[in-house]
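A predicted structure for the sequence below; I have some questions about it.
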Amino acid sequence: MLLEQLVEKAAQPPEYDWDSYYSWLHGQLAGRETTDYNYWLCKKCLSVNVVYLPARYGKCRSCGLIHLPDDLRKEKMRRSDE
Ligand SMILES: [Zn+2]
């Protein structure tokens, strides 16, 4: 690698592997292997909750309302189709 390239690289912010970091972090938080995560809004108390996928359901952290993650997957697919 040329000196100019090294200097240029050093001036740039370091690259982080955020995907790996988040998959590790979510695994730690969920206490198991996770492949993805999503947000859902509680219809009862309007809290925003995180659900780690795969999951059978999400539970609202404020009121305990059960939310089925099937809706979340559909939501995600629709977004990626655009
Ligand atoms: Zn709630």
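Sure thing, it's come through. Residues are numbered from 1 along each chain as shown.

please enumerate the helices of the chain.
Counting by DSSP state H, one finds helices in the chain at the ranges 3-11, 18-30, 70-81.

and the residue nearest the centre of the protein?
Here the mean C-alpha position of the chain is nearest to the C-alpha of residue 37 (CA atoms, centre = their mean), at a distance of 3.9 Å.

tell me who's in contact with it.
22, 26, 50, 51, 52, 53 (CB atoms under 8 Å, 6 or more residues apart in numbering). C-beta coordinates here come from the backbone N, C-alpha and C atoms, glycine included.

now do residue 43
Taking CB under 8 Å, 6+ apart as the test, what residue 43 contacts is residue 65.

check the gap between it and residue 8 for me.
Noted for residue 43: a distance of 51 Å to residue 8, by CB to CB, to the nearest Å.

now residue 68
Residue 68 is 50 Å from residue 8, by CB to CB.

so for residue 62, what's the nearest residue that isn't a sequence neighbour?
Counting by CB to CB, 6 or more residues apart in numbering, residue 62 lies nearest to residue 47, which is 4.3 Å off, once chain neighbours are set aside.

quick one, what contacts that neighbour?
41, 60, 61, 62, 63.

got it, and residue 26?
By CB under 8 Å, 6+ apart, the contact list for residue 26 reads 34, 37, 52.

okay, now the unreliable bits of the chain?
1, 69-82 (pLDDT under 70).

and it, which residues reach the ion?
Neighbours of the ion within the chain, by CB under 5 Å from the ion: 42, 44, 45, 47, 60, 62, 63, 65.

the fifth one - nearest residue in space that isn't next to it in sequence?
Yep, that's residue 60 we're talking about. In space, and not counting its chain neighbours, residue 60 is closest to residue 42: 4.3 Å by CB to CB, 6+ apart.

number of nearby residues for that neighbour?
Neighbour count of residue 42, defined by other CB atoms under 10 Å: 18.
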